[in-house]
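Visitor: Got a sequence here, can you build the structure:
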Amino acid sequence: MTPEPTPEPTPELRVAVVADDLTGAADTGAGFLRARLGTTVTWAEELLADGVTVPTHGHTDVLAVDAGTRRATAEQAATTTGLVVEALRGAGTHVLYQKVDSMARGHLGAEVGAALRAWHPDAVAVVAPAFPAAGRSTVGGVQRVHGVPAERGDLAARLDQAGVGPARVDLTAVRSADPRAAFVRSLRPGVRALLCDAETDADLAAIAGAAAALSRPVVWVGSAGLAHVLPHVLGLTDDSEPADKAGLTATGKAGLTTDPEPAADGKSVPAAAGPVLVAVGSVHASAREQVRHLLADGAGHVEVPVATLDHHVDVTLTAIRRHLRAGTDVVLTLSGELGAGGPDDHRLTARLGELTRPLADLVAGLVLTGGDTATGLLRAWGVPGLRLCAEVEPGVPLSVTTGPLRIPVVTKAGAFGDADTLRRARARLASFTASAAGAGLSSFSSSSSSSSAHSPSAEGER
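Guide: Numbers count the residues shown, from 1 in each chain. Model (predicted):
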């Protein structure tokens with residue numbers, strides 16, 4: 001009798017990131033990509049359904065999960081975060097990173113509390129949400145955006161209100177000769193979170209080094225800024241190769257890769273040049289300015305009133321299709337604001353995804369601004385996740401979709417970037433596809449048969 005073959009061991013999941021929206025999951029994951037760790041982004045629904053086996057995505061060093069809690073209630077956010085963290089802990093995750101918004105939006109206290117309860121009874125949260133590269137700092141326990149206190153920026157009060165006893169670690173302690181000693185002194189009975197001031201990447205590195213030397217389990221809590229320094233501090237980088245800060249691809253220590261891999265049907269991942277669909281759902285002023293600069297380069301523009309997303313579908317599709325068939329990039333914007341992030345917002349972003357789904361076979365790449373928009377479109381197109389490949393700039397990663405539909409995607413939060421960020425995103429897509437073509441990856445498998453069979457679903461952030 002022929003013995004059963006011994007199954008290959010599943011590569012360890014070195015780091016798990018839990019974020020409240022898609023753009024946050026992706027830009028934080030990019031910090032680990034810089035350290036040449038294979039990094040994949042998925043949604044909580046995919047994770048919980050698959051039991052953290054990640055079968056749709058292949059093996060990965062780092063899994064970043066969009067829990068979709070930005071627009072939920074605090075109670076819902078805590079429940080979902082707890083379920084996701086429990087699943088990740090059960091899968092043997094080594095490092096837990098709870099991503100929080102660098103502008104202090106979302107449910108900081110509820111999510112940190114849930115993560116602590118689900119991770120370890122003696123865990124302490126090290127909270128450092130500064131993102132210096134994007135102008136976000138933490139001073140006096142208050143989150144600041146370009147020096148201005150953020151709305152709801154009193155982080156200590158929010159943690160305290162959620163029952164997560166905070167202790168502040170100020171800049172003097174962070175920049176002292178022995179910040180670990182300051183951390184230990186701050187861990188008085190009842191303290192579950194160390195809220196750390198930071199203005200620079202050096203501050204974040206000092207925080208990470210001090211926290212890594214603690215004797216208690218740590219839940220790392222931060223934005224993309226802390227994620228950029230953490231891999232080196234924790235020894236997760238591959239010292240045989242330099243960190244990849246701007247390259248097209250990155251390979252993990254376990255031989256795992258973020259290189260675009262062959263699709264399940266054997267076709268190559270997409271590498272054809274062609275028109276790009278830019279969908280901007282964010283109403284942030286900087287996002288609108290970026291659109292104006294991109295349109296000045298000759299991109300087509302189709303504006304869809306939010307009130308008519310359920311109507312005039314044929315007219316909108318015809319307008320978008322006309323630009324794409326002419327080989328012209330097209331910018332799709334929404335006129336009028338979505339609501340306060342409730343169920344109707346989710347329905348509208350899902351509807352936007354359904355509206356654009358028939359266009360998948362005409363598009364060579366996507367640029368998606370706003371987490372709600374990105375999630376609504378990608379979920380409606382049947383995308384189970386993203387494999388990170390590069391960064392356009394800090395906070396703006398480039399990925400390739402996983403699953404049957406393979407297409408390069410740039411995602412970014414609405415508030416990120418300067419006036420030319422969308423221009424650079426479009427140029428980065430062009431260079432990425434050209435490089436992939438030069439490597440022999442000849443075409444994307446974005447067939448209409450793939451894209452038409454998917455069922456819609458949505459969550460995310462504007």
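Visitor: Now residue 143: which helix or strand?
Guide: strand 142-145 (DSSP states H and E).
Visitor: Spell out which strands sit alongside that strand in the sheet and which way each one runs.
Guide: Each strand paired with strand 142-145, and its direction, by DSSP bridges: strand 136-139 (antiparallel), strand 148-154 (antiparallel).
Visitor: Which residue, neighbours along the chain excluded, lies closest to residue 149?
Guide: The shortest distance from residue 149 to any non-neighbouring residue, by Cβ to Cβ, 6 or more residues apart in numbering, is to residue 142 (5.2 Å). For the C-beta atoms, the positions are set from N, CA and C on the backbone; glycine is no exception.
Visitor: show me the contacts for the one you found.
Guide: Taking Cβ atoms under 8 Å, 6 or more residues apart in numbering, we find residue 142 in contact with 149-150, 153-155.
Visitor: now residue 327
Guide: Residue 327 touches 274-275, counting by Cβ under 8 Å, 6+ apart.
Visitor: how does the protein divide into domains?
Guide: 15-233, 276-451 (automatic domain parsing).
Visitor: Export those as JSON lines, with columns for mean pLDDT.
Guide: JSON lines is the format used below for the domains of the chain (pLDDT from 0 to 100):
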{"stretch": "domain 15-233", "mean pLDDT": "94"}
{"stretch": "domain 276-451", "mean pLDDT": "83"}
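Visitor: Can you tell me which of the contacts of residue 142 is closest to residue 409?
Guide: Of all those, residue 150 has the smallest distance to residue 409: 28.1 Å, by Cβ to Cβ.
Visitor: I figured that closest one hits residue 143, correct?
Guide: Yes - contact between residue 150 and residue 143 holds when scored by Cβ atoms under 8 Å: they sit 4.5 Å apart.
Visitor: Please identify every residue contacting each of those two.
Guide: With contacts taken as Cβ under 8 Å, 6+ apart, residue 150 and residue 143 have 103-104 as neighbours in common.
Visitor: okay, the two: which has more neighbours?
Guide: residue 143 (27 against 19; other Cβ atoms under 10 Å).
Visitor: Beta-bridge partners for the more buried one, please?
Guide: Beta bridges link residue 143 to residue 138 when assigned by DSSP bridges.
Visitor: Let me see the ranges of the strands in the stretch 201-350 of the chain.
Guide: Counting by DSSP state E, counting those that start in this stretch, the segments of the stretch 201-350 of the chain that form strands are 218-222, 276-280, 300-305, 330-335.
Visitor: oh, I was asking about the stretch 1-150 of the chain
Guide: In the stretch 1-150 of the chain, the strands defined using DSSP E, counting those that start in this stretch lie at 15-19, 39-43, 62-66, 95-99, 124-128, 136-139, 142-145, 148-154.
Visitor: Might you report the residue contacts of residue 127?
Guide: Contacts of residue 127 were listed using Cβ under 8 Å, 6+ apart, and they are 100, 112, 155, 159, 166, 193-196, 221-222.
Visitor: Run a quick neighbour tally on residue 121.
Guide: Quick note: residue 121 (other Cβ under 10 Å) scores 7 neighbours.
Visitor: mind checking how far it is from residue 195?
Guide: Remark: distance between residue 121 and residue 195 (Cβ to Cβ, to the nearest Å) = 21 Å.
Visitor: Next secondary structure after the helix or strand hosting residue 372?
Guide: Using DSSP H and E, residue 372 sits in helix 371-380. Heading C-terminal from helix 371-380, the first helix or strand you meet, by DSSP H and E, is strand 385-393.
Visitor: partner strands of that next one, parallel or antiparallel?
Guide: Counting by DSSP bridges, the strands paired with strand 385-393 are strand 39-43 (antiparallel), strand 396-401 (antiparallel).
Visitor: Compare these and give me the one nearest residue 232.
Guide: Residue 232 lies closest, by Cβ to Cβ, to one member of the strands paired with strand 385-393: strand 39-43, at 15.4 Å.
Visitor: how far out from the middle of the chain is that closest one?
Guide: 8 Å (Cα atoms, centre = their mean, to the nearest Å).
Visitor: Now do it against strand 62-66, angle only.
Guide: Inter-element angle recorded for strand 39-43 and strand 62-66: 30 degrees (by axes from the mean of the first three to the mean of the last three Cα atoms, to 10 degrees).
Visitor: and strand 39-43, C-alpha only, in PDB?
Guide: Extracted in PDB, the C-alpha atoms of strand 39-43 (Å, rounded to 0.1, in the frame of the first residue of the first chain):
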ATOM      1  CA  THR A  39       2.300  40.900   2.400                       C
ATOM      2  CA  THR A  40      -1.400  40.200   1.500                       C
ATOM      3  CA  VAL A  41      -4.500  42.200   2.200                       C
ATOM      4  CA  THR A  42      -7.900  40.600   2.700                       C
ATOM      5  CA  TRP A  43     -11.300  41.300   4.300                       C
END
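Visitor: could you give the angle of that strand to helix 371-380?
Guide: Interaxial angle, strand 39-43 versus helix 371-380 (the same axes, to 10 degrees): 90 degrees.
Visitor: Start and end of stretch 164-173, how far apart?
Guide: Taking Cα to Cα, to the nearest Å, stretch 164-173 runs 21 Å from one end to the other.
Visitor: residues in contact with that stretch?
Guide: 109, 112-113, 116, 125, 127, 139-141, 155-156, 159-160, 179, 182-183, 186-188, 190-199, 203, 207.
Visitor: so the closest residue to residue 392 other than its chain neighbours is in which element?
Guide: Of all residues not flanking residue 392 in the chain, residue 428 sits nearest, at 4.6 Å (Cβ to Cβ, 6+ apart). Secondary structure from DSSP H and E places residue 428 in helix 421-438.
Visitor: buried sites along that helix?
Guide: By 16 or more other Cβ atoms under 10 Å, the buried positions in helix 421-438 come out as 421-426, 428-430, 432-433, 436-437.
Visitor: that older thread, so which of the strands paired with strand 142-145 is the most packed in?
Guide: Ranked by average neighbour count under the criterion mean count of other Cβ atoms under 10 Å, the strands paired with strand 142-145 are headed by strand 136-139 at a mean of 24.
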